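A.B. asks: Have a look at this prediction, sequence included:
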Amino acid sequence: MRTILIIAAKEIRDGLRNRWVAATTLLMAALAVTLAFLGSAPTGTVGIGRLEVTIVSLSSLTIFLLPLLALLLSFDAIVGEIDRGTMLLLLSYPVARWQALLGKFLGHVAIIAFATIIGYGMAGLVLHLLAPDGGEPWAAFAAMIGSSVLLGAAFVSMGYLASTLVRDRGTAAGIAVALWLLFVLLYDMGLLGLLVATGGQGLGEGLLNTLLLANPADAYRLFNLTGFADVGRHAGMAGLAARATLGPLPLLGALAAWTLAPLALAGLVLSRRQI
């Protein structure tokens, strides 16, 4: 365990040297605080709370931004180290390949977690100063931050799998872009097209649930926009939530599976790869 933590700490230090941590945190904070201020606009006459609007906005932002940041961090984590010869140097020490992989993974997830918690935490502080509410909306806000870290971990894991499968960084970068386009943009467009083509009747409840769980971005979206009543009323997803009938635990389980399965496959590929 000590070896894994040492490698994770090295990845965090490298992120600090490359200004990845600072840049990611500032970007997340700037966008989150901006949305927090904009979220205060609909309050008053229409009776929508600042916090609920901000959760809906930040959830939508996270789906587009966080997977991209995670893939940019991880796409060359393995193949880049092999190209530079540093992976061979690392493995010349008493370090197993799985320890190197897991340590690097934890370091990158720590960067994502730090940027998300600090960035969205600043938005939460702004909202608290504007309207010190309590109760369910703040629980939904905390759940959004935690599930955002889990979504980032899922895409870091996919980036690691791509990085172990290929032989050069260019190919890994291409796969990372393809993964982002597939899960963030194209998948939902295809699902929407299928629903429109069948008039909403061609997909049974079980098939729709499976298709939604097959995309970590959709699992994240449903968890945050339908899992809490106060937020769900303003998210515009009541119809889909009624058809999908997925509770919070299956959705979180899907995010966890999308984190563990690609990472396990990456470990298997790396264990058999010639370095």
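C.D. replies: Yep, that arrived.
A.B. asks: Quick one: classify the residue lying closest to Pro94 once chain neighbours are set aside as helix, strand or coil.
C.D. replies: Excluding its sequence neighbours, the residue lying closest to Pro94 (Cβ to Cβ, 6 or more residues apart in numbering) is Thr3, at 7.9 Å. Where C-beta positions appear, they are placed from N, C-alpha and C, glycine not excepted. Three-state call for Thr3 (DSSP: H, G, I helix; E, B strand; the rest coil): helix.
A.B. asks: next one: Val95
C.D. replies: Under three-state DSSP, Val95 comes out as coil.
A.B. asks: surely it meets Arg2?
C.D. replies: No: using Cβ atoms under 8 Å, Val95 is not in contact with Arg2; the gap is 11.1 Å.
A.B. asks: So which of those two has more stuff around it?
C.D. replies: Val95 (15 against 7; other Cβ atoms under 10 Å).
A.B. asks: where do the helices sit along this protein?
C.D. replies: Assigned by DSSP state H, the chain shows helices spanning 2-17, 20-38, 50-74, 79-84, 86-91, 97-130, 136-165, 169-180, 187-197, 205-213, 216-226, 229-232, 238-244, 248-272.
A.B. asks: got the contact list for the fourth one?
C.D. replies: Residues outside helix 79-84 that contact it (Cβ atoms under 8 Å, 6 or more residues apart in numbering): Met87, Leu88, Leu90, Ser163, Thr164, Val166, Arg167, Asp168, Arg169, Ala172, Ile275.
A.B. asks: and the residue nearest to Pro94, how far is that from Ile55?
C.D. replies: Separation of Thr3 from Ile55 (Cβ to Cβ, to the nearest Å): 39 Å.
A.B. asks: Turn the helices of the chain into JSON lines, columns for mean pLDDT.
C.D. replies: Output for the helices of the chain, formatted as JSON lines (pLDDT from 0 to 100):
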{"stretch": "helix 2-17", "mean pLDDT": "88"}
{"stretch": "helix 20-38", "mean pLDDT": "80"}
{"stretch": "helix 50-74", "mean pLDDT": "86"}
{"stretch": "helix 79-84", "mean pLDDT": "90"}
{"stretch": "helix 86-91", "mean pLDDT": "88"}
{"stretch": "helix 97-130", "mean pLDDT": "89"}
{"stretch": "helix 136-165", "mean pLDDT": "91"}
{"stretch": "helix 169-180", "mean pLDDT": "94"}
{"stretch": "helix 187-197", "mean pLDDT": "82"}
{"stretch": "helix 205-213", "mean pLDDT": "81"}
{"stretch": "helix 216-226", "mean pLDDT": "89"}
{"stretch": "helix 229-232", "mean pLDDT": "54"}
{"stretch": "helix 238-244", "mean pLDDT": "52"}
{"stretch": "helix 248-272", "mean pLDDT": "93"}
